[in-house]
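**Q** Sequence plus the predicted model coming up.
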Amino acid sequence: MVPVSVGGIAQSALLTDHLLAYYRRLSETRLTVVDVETTGSRPGEARVIEIAVVQGSLAEGITYESTFLVNAEVQVPSTITRLTGITSAMVAGGAAADGVWQTLRSPLEQGILTGHNLAFDYRFIQEEYRRLGVDFQRSEAQRFCTVILSRLLLADLPSRSLPQLVRHFGFDVGRSHRALADTKACWLLANLLIERLVNTSDDVLRQQFAQQWVPVREAVKVFDCSRVELQQQLDARGCDRRTSRRGNRHMYRRGDIETLYQELYPPSRSLNLSP
């Protein structure tokens, strides 16, 4: 088998143990935290109009910080202005898009690229570099989404949205939905989560991780079967199942998925150990 992805990180046979190893390494690693504000939700159609980057480690603190209003020569929709406070006039006075992305290429290629719902920011960053003829790629092992870890460690909270977490933890970062404020909030959250993880035993963390709801479409990547076949096997074992509110996505507990995997595949079938 090849490396697979459950919960956003490539895994091997003992999924939770490799998640733990991956997250524990973050405490000794440089994080490059990023947030973008955009004119819409589709990278091929919308543009980045503001970006902030904060870089550092738990040991050193913040060692690099930059933020730019980006003049991508586009109008800012009124819905985005209401959300962010960014106007077309502000963007028109910002730095030229090409120059911003050339300036940020080096820091964005260093450390572990980190964000809250990082997939959104990552797709936009890739698209902006594509416009410049640059293939911007960071492997899954070089990406860290604080939403995913929040779901594992903060499952008791009613919401893991960044504005809600800012209020819950009292982060003093300024207005949400501005790039620098959200980047600093994500930096503080990442530090809090990693410190909590480092100071919690593996046994307790395994219990927490086992309760995570994983979509079948992600879980099936570690099995030699179809989604329907996997769902049938989990249902036959009486595993808990829920359906997400966003679409008809069936989800099962990570612990049940791992138990089934270990039953079906002997250790000799273990996957590649890369994180």
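**A** Perfect, I can see it now.

**Q** tell me the mean pLDDT over stretch 25-38?
**A** The predicted model assigns stretch 25-38 a mean pLDDT of 96.

**Q** which of the residues in it are buried?
**A** 26, 30, 31, 32, 33, 34, 35, 36, 37, 38 (16 or more other Cβ atoms under 10 Å). (Glycine included, C-beta is placed from N, CA and C.)

**Q** what about the strands in the stretch 1-150 of the chain?
**A** All strands of the stretch 1-150 of the chain, identified by DSSP state E, counting those that start in this stretch, fall at 4-6, 9-11, 31-38, 48-57, 61-71, 95-96, 112-115, 143-145.

**Q** I'd like to know how far residue 37 sits from residue 49.
**A** Remark: distance between residue 37 and residue 49 (Cβ to Cβ, to the nearest Å) = 6 Å.

**Q** what's the answer for residue 165, then?
**A** On the measure of Cβ to Cβ, residue 165 and residue 49 end up 24 Å apart.

**Q** Compare these two (neighbour count), which wins?
**A** Shown here are residue 165 and residue 49; by other Cβ atoms under 10 Å, residue 49 has more neighbours (27 against 24).

**Q** pLDDT wise, what is that one at?
**A** We have a pLDDT of 98 for residue 49.

**Q** burial of residue 194, as a residue count?
**A** Residue 194: 24 neighbours (other Cβ under 10 Å).

**Q** Just confirm it contacts residue 27, I think it does.
**A** Yes - if you go by Cβ atoms under 8 Å, residue 194 and residue 27 touch, sitting 5.2 Å apart.

**Q** circling back: from the buried residues of stretch 25-38, pick the one nearest residue 84.
**A** residue 37 (5.2 Å; Cβ to Cβ).

**Q** re earlier: which residues are common contacts for residue 37 and residue 49?
**A** The contact sets of residue 37 and residue 49 overlap at 80, 86 (Cβ atoms under 8 Å, 6 or more residues apart in numbering).

**Q** can you list the strands of the stretch 1-150 of the chain in a markdown table and add distance to residue 171?
**A** A markdown table is the format used below for those (distance: least, Cβ to Cβ, whole Å):
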| stretch | distance to residue 171 |
| --- | --- |
| strand 4-6 | 29 |
| strand 9-11 | 25 |
| strand 31-38 | 13 |
| strand 48-57 | 13 |
| strand 61-71 | 14 |
| strand 95-96 | 27 |
| strand 112-115 | 15 |
| strand 143-145 | 18 |
